[in-house]
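Chemist: Predicted coordinates and the sequence they were generated for:
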Amino acid sequence: MFSIRYFSYLVKSNFKFLAAFTLVLCAFLIVMCNVFTPETISGISNTTKGTIASNILTGNGTLIGFMSNSFYALMAIIFPMVYSIVVANRMIAEPVDRGSMASFLSTPMSRHKLTITSALYLILSLMVMWGVATIVGITAANAFQPDALDVDTFLMLNLGVFLYHFAISSISFCSSCIFNTSKNSLLIGGGLPLMFFVISLFIKLSDSLEFLEYFTLNTLFNPSNIVNNSGYSQEFMIMALIGIILYIIGIIWFERKDLPL
């Protein structure tokens, strides 16, 4: 069910992607911890008051509130999303499209083992990404803003955003398993997550567009609910369930479909 050799190959071939996107997340967290002060937030609020950016950049005056309305609304969403889209396509659809999948399947490794290993790599790499970001965030907060970070809420935000990307990556992975060309794989596996992100931005920019929350998966990850501890366990379970179902569908689909080998 699992190939150590193929997993090692995936780690080596995607290490630069993982390192780059993880570094970007860590850099944003360090900068936020470094520049945050209540005066800074007040200045931003006054500057953006009455503009469309006020719904995104304002917070509750705390470091975790500032992060929830900025980092977890934008950077924590888009960068890991792009990582998942690119890597999911590289693992399945791209080799099929280029004809190199035949070399993988000509070995004793079965389709089932290949997809299981690929799925585990994508999930574990996202866990590593957010694990490193969590450690860096806590370390940076302790260095620049001692006692300013609500660590429990920060950990819950990172758990929530990981589950969100677990669900998003499952869309990209399932699409990569279903389609035999990168073009179609990226159209669905990349198009849907990006559409969800754009819709979520529209919702934040105007209260009159709240009805769009039913058309985006991003509604399930609401940083404000986590910060205010106003109930989010059901959304967490739904994201986990979506991810599990779509990963299983992708694995089964690739196992049974005809390949242009």
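Modeler: It's in.
Chemist: which residues in the stretch 101-250 of the chain form strands?
Modeler: For the stretch 101-250 of the chain, strands defined by DSSP state E, counting those that start in this stretch do not occur.
Chemist: where does it dip in pLDDT?
Modeler: Low-confidence segments of the stretch 101-250 of the chain, defined by pLDDT under 70: none present.
Chemist: so who does L217 touch?
Modeler: Residues in contact with L217 (CB atoms under 8 Å, 6 or more residues apart in numbering) are 164, 167-168, 193, 196, 239, 242. The C-beta positions use only the backbone N, C-alpha and C, and glycine is treated the same way.
Chemist: at 7 Å instead, please
Modeler: By CB atoms under 7 Å, 6 or more residues apart in numbering, the residues touching L217 are 167-168, 196.
Chemist: In helices, which of those appear?
Modeler: 167-168, 196 (DSSP state H).
Chemist: show me the contacts for the nearest residue to M195 once chain neighbours are set aside.
Modeler: Once flanking residues are discounted, M195 sits nearest to T216: 7.6 Å by CB to CB, 6 or more residues apart in numbering. The contact partners of T216, taken as CB under 7 Å, 6+ apart, are 196, 199-200.
Chemist: Then N14?
Modeler: By CB under 7 Å, 6+ apart, the contact set of N14 is 87, 125.
Chemist: Now it: which helix or strand?
Modeler: Using DSSP states H and E, N14 maps to helix 4-35.
Chemist: Over that helix, what's the mean pLDDT, rounded is fine.
Modeler: Average pLDDT, helix 4-35: 94.
Chemist: And it, what's buried?
Modeler: 6-7, 10, 14, 18, 21-22, 24-26, 28-30, 32-33 (16 or more other CB atoms under 10 Å).
Chemist: what do you get for stretch 247-261?
Modeler: Neighbour-count burial for stretch 247-261 flags 247, 250-251, 254 (criterion: 16+ other CB under 10 Å).
Chemist: before we move on, back to that, for V132, state which of the ones in helices among the contacts of L217 is nearest.
Modeler: Using CB to CB, I168 comes nearest to V132 of the ones in helices among the contacts of L217, at 18.8 Å.
Chemist: Verify the stated contact: M1 with K113.
Modeler: Yes: the pair M1 / K113 is scored as a contact, 6.1 Å apart, by CB atoms under 7 Å.
Chemist: of these two, who's got more company?
Modeler: Set M1 next to K113 and count neighbours by other CB atoms under 10 Å: K113 wins out with 16 against 8.
Chemist: Just give the closest residue to the more buried one, not the sequence neighbours.
Modeler: S3 (5.1 Å).
Chemist: Quick check: the gap between the one you found and M109.
Modeler: Remark: distance between S3 and M109 (CB to CB, to the nearest Å) = 5 Å.
Chemist: again, but for P80
Modeler: Relative to M109, and taking CB to CB, P80 is found at 28 Å.
Chemist: between those two, who's got more neighbours?
Modeler: Under the criterion of other CB under 10 Å, the comparison of P80 against M109 puts P80 first, with 25 against 14.
Chemist: Return the closest of the contacts of T216 with respect to L259.
Modeler: Taking CB to CB as the measure, F196 is the one of those closest to L259, at 29.6 Å.
Chemist: Perfect, I'm done here.
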